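Chemist: Structure for the following, please:
(one chain, ligands or ions: 2)
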Amino acid sequence: MKLAILDRDGVINQDSDEYIKSPDEWIALPGSLEAIARLSRANWRVVIASNQSGVARGLFSMDTLNAIHAKLRRELAHVGGTVDAIFICPHGPDDGCACRKPKPGMLFDIAGRYDIDIKNVPAVGDSLRDVQAAVAANCTPWLVLTGNGEKTRNHPDLPAGTQIRTDLAAVADAWLSEE
Ligand SMILES: [Mg+2]
Ligand SMILES: [Zn+2]
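Modeler: Ligands and ions are numbered 1, 2, ... in the order given. Predicted coordinates for the structure are as follows:
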């Protein structure tokens, strides 16, 4: 099974320091939905793993988050793509949960859902904590330069071996050209 794990904000859609608090604030990055659609057509299963501490912070409800994801799925379907599942961590940084990246809990949950060894499954993110979670779960870390990516690229703690591409479209190009 070809499985890909994607961060959401800064990878699929524009990120915001003010959080994405409503469907209107969720705006896809150029080419990202089409990149997922190309993966879908090539029989990749795409799963999102996203920290959403705005829930714990009281900035938006789970209902609103579901509405945001309904928009994501609707726009994605419009270009012929699909995501299999969306895993989120709704906790805050002080909650001590196992799922907030850089902890690998969500990635292990995904492995459990598909009953697979996620060793070497590619995980794409724009922030250091995405890359760190990928490494902790034994996934292959991919960094895109959208969102926080440019900042992350120059971080001294960026794990060696992180695959770096301009954006999700370039990541999909790399994966599909290997097939
Ligand atoms: Mg992000
Ligand atoms: Zn959590």
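Chemist: For the longest strand along the chain, name the packing helices and strands.
Modeler: Identified as the longest strand of the chain according to DSSP state E is strand 44-51. With contacts defined as 3 or more Cβ pairs under 8 Å, 6 or more residues apart in numbering; DSSP states H and E, the packing partners of strand 44-51 are strand 2-6, helix 32-41, strand 85-89, helix 105-114. Heads up, the C-betas are built off the backbone N, CA and C, glycines and all.
Chemist: Would you mark the buried spots in the last one?
Modeler: To tie it back to what came earlier, the one meant is helix 105-114. For helix 105-114, a neighbour-count test (16 or more other Cβ atoms under 10 Å) marks 105, 106, 107, 108, 109, 110, 111 as buried.
Chemist: OK, contacts around the last one?
Modeler: Contacts here follow Cβ atoms under 8 Å, 6 or more residues apart in numbering; on that basis residue 111 touches 117, 118, 121, 137.
Chemist: Return a PyMOL selection command for the buried portion of the residues you listed.
Modeler: Selection command for PyMOL covering only the buried members of the contacts of residue 111, criterion 16+ other Cβ under 10 Å:
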select buried, resi 118+121+137
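Chemist: So for the nearest residue to residue 179 once chain neighbours are set aside, what's the pLDDT?
Modeler: For residue 179, the nearest residue in space outside its immediate sequence neighbours is residue 42; the separation is 6.7 Å by Cβ to Cβ, 6 or more residues apart in numbering. You'll see residue 42 listed with a pLDDT of 98.
Chemist: distance of residue 62 from ligand 1?
Modeler: Distance, residue 62 to ligand 1, by Cβ to the ion, to the nearest Å: 19 Å.
Chemist: these two touch, right, that residue and residue 86?
Modeler: No - under the criterion of Cβ atoms under 8 Å, residue 62 lies out of contact with residue 86, with a separation of 12.0 Å.
Chemist: neighbour count winner among the two?
Modeler: Taking neighbours as other Cβ atoms under 10 Å, residue 62 and residue 86 compare with residue 86 leading, 19 against 11.
Chemist: Please name the nearest non-neighbouring residue to the more buried one.
Modeler: Distances taken as Cβ to Cβ, 6+ apart place residue 48 nearest to residue 86, at 4.5 Å, with adjacent residues excluded.
Chemist: cool, and residue 9?
Modeler: Leaving aside its chain neighbours, residue 9 sits nearest to residue 15 (4.2 Å; criterion: Cβ to Cβ, 6+ apart).
Chemist: From ligand 1, how far out is that neighbour?
Modeler: Distance from residue 15 to ligand 1, by Cβ to the ion: 6 Å.
Chemist: now the closest residue to ligand 1 within the chain: how far from residue 135?
Modeler: Sorted by distance to ligand 1 under Cβ to the ion, the residues of the chain start with residue 10, at 3.6 Å. When Cβ to Cβ, to the nearest Å is applied, the distance between residue 10 and residue 135 equals 18 Å.
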